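J.: take a look and give me a structure for this.
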Amino acid sequence: MKAKDYNEKLAGMTLEELLKEEEELKKELFKLRFQQVTTYMENPLQVRLVKRDIARVKTAISKKSKEA
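T.: Modelled structure (predicted):
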């Protein structure tokens with residue numbers, strides 16, 4: 001998903017949904033890091049993309065918490 005589309009999706013989410021999304025992305029990052037150490041990864045750039053998505057979610061959470 002493109003960054004602009006993802007940011008729009010995040011803007012439409014509630015604070016609880018954003019926190020759940022962040023938790024899921026952190027789990028995915030953990031799995032990717034574990035896979036990177038133990039086995040061959042088909043797409044090593046996936047780690048970078050997930051980190052950026054986590055940052056986007058955290059930014060959206062910050063915006064939502066300041067609005068409330």
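J.: list the helices and strands the lengthiest helix in the chain packs on?
T.: Assignment by DSSP state H gives helix 15-38 as the longest helix of the chain. Applying 3 or more CB pairs under 8 Å, 6 or more residues apart in numbering; DSSP states H and E, we find helix 15-38 packed against helix 46-67. C-betas here are computed from N, CA, C, even on glycine.
J.: who touches the helix it packs on?
T.: 3, 6-7, 10-11, 13-15, 18-19, 21-22, 25-26, 28-29, 32-33, 36 (CB atoms under 8 Å, 6 or more residues apart in numbering).
J.: ok, K26 - contacts?
T.: I54.
J.: can you check L10 too?
T.: Per CB under 8 Å, 6+ apart, neighbours of L10: 18, 21, 56-57, 60.
J.: on that earlier part again, which of the contacts of helix 46-67 are buried? Put it as a PyMOL command.
T.: Buried members of those, identified by 16 or more other CB atoms under 10 Å, are gathered into one PyMOL selection as follows:
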select buried, resi 10+13+18+21+22+25+29+32
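J.: quick one on the thing from earlier: orientation of the longest helix of the chain relative to helix 46-67 in degrees?
T.: 160 degrees (axes from the mean of the first three to the mean of the last three CA atoms, to 10 degrees).
J.: distance from the chain centre to helix 15-38, please.
T.: Here helix 15-38 is found 7 Å from its chain centre; the criterion is CA atoms, centre = their mean, to the nearest Å.
J.: so where's the protein shaky on pLDDT?
T.: For the chain, applying pLDDT under 70 flags no range at all.
J.: now render the contacts of L10 as a markdown table, adding distance to L45.
T.: Output for these, formatted as a markdown table (distance: CB to CB, whole Å):
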| residue | distance to L45 |
| --- | --- |
| L18 | 24 |
| E21 | 21 |
| R56 | 16 |
| V57 | 19 |
| A60 | 23 |
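J.: still on that earlier bit, convert the longest helix of the chain to PDB, retaining C-alpha atoms only.
T.: Output of helix 15-38 as PDB, limited to C-alpha atoms (Å, rounded to 0.1, in the frame of the first residue of the first chain):
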ATOM      1  CA  LEU A  15      -7.400   5.600  18.700                       C
ATOM      2  CA  GLU A  16      -8.100   2.000  19.800                       C
ATOM      3  CA  GLU A  17      -7.800   0.700  16.200                       C
ATOM      4  CA  LEU A  18      -4.500   2.600  15.800                       C
ATOM      5  CA  LEU A  19      -3.100   1.000  19.000                       C
ATOM      6  CA  LYS A  20      -4.100  -2.400  17.800                       C
ATOM      7  CA  GLU A  21      -2.500  -1.700  14.400                       C
ATOM      8  CA  GLU A  22       0.700  -0.700  16.100                       C
ATOM      9  CA  GLU A  23       0.700  -3.800  18.200                       C
ATOM     10  CA  GLU A  24       0.200  -6.000  15.100                       C
ATOM     11  CA  LEU A  25       3.000  -4.200  13.200                       C
ATOM     12  CA  LYS A  26       5.400  -4.700  16.100                       C
ATOM     13  CA  LYS A  27       4.600  -8.400  16.100                       C
ATOM     14  CA  GLU A  28       5.300  -8.500  12.400                       C
ATOM     15  CA  LEU A  29       8.600  -6.700  12.800                       C
ATOM     16  CA  PHE A  30       9.600  -9.200  15.500                       C
ATOM     17  CA  LYS A  31       8.900 -12.100  13.200                       C
ATOM     18  CA  LEU A  32      10.800 -10.500  10.400                       C
ATOM     19  CA  ARG A  33      13.800  -9.800  12.500                       C
ATOM     20  CA  PHE A  34      13.800 -13.400  13.800                       C
ATOM     21  CA  GLN A  35      13.500 -14.700  10.200                       C
ATOM     22  CA  GLN A  36      16.300 -12.400   9.200                       C
ATOM     23  CA  VAL A  37      18.700 -13.900  11.700                       C
ATOM     24  CA  THR A  38      17.700 -17.600  11.300                       C
END
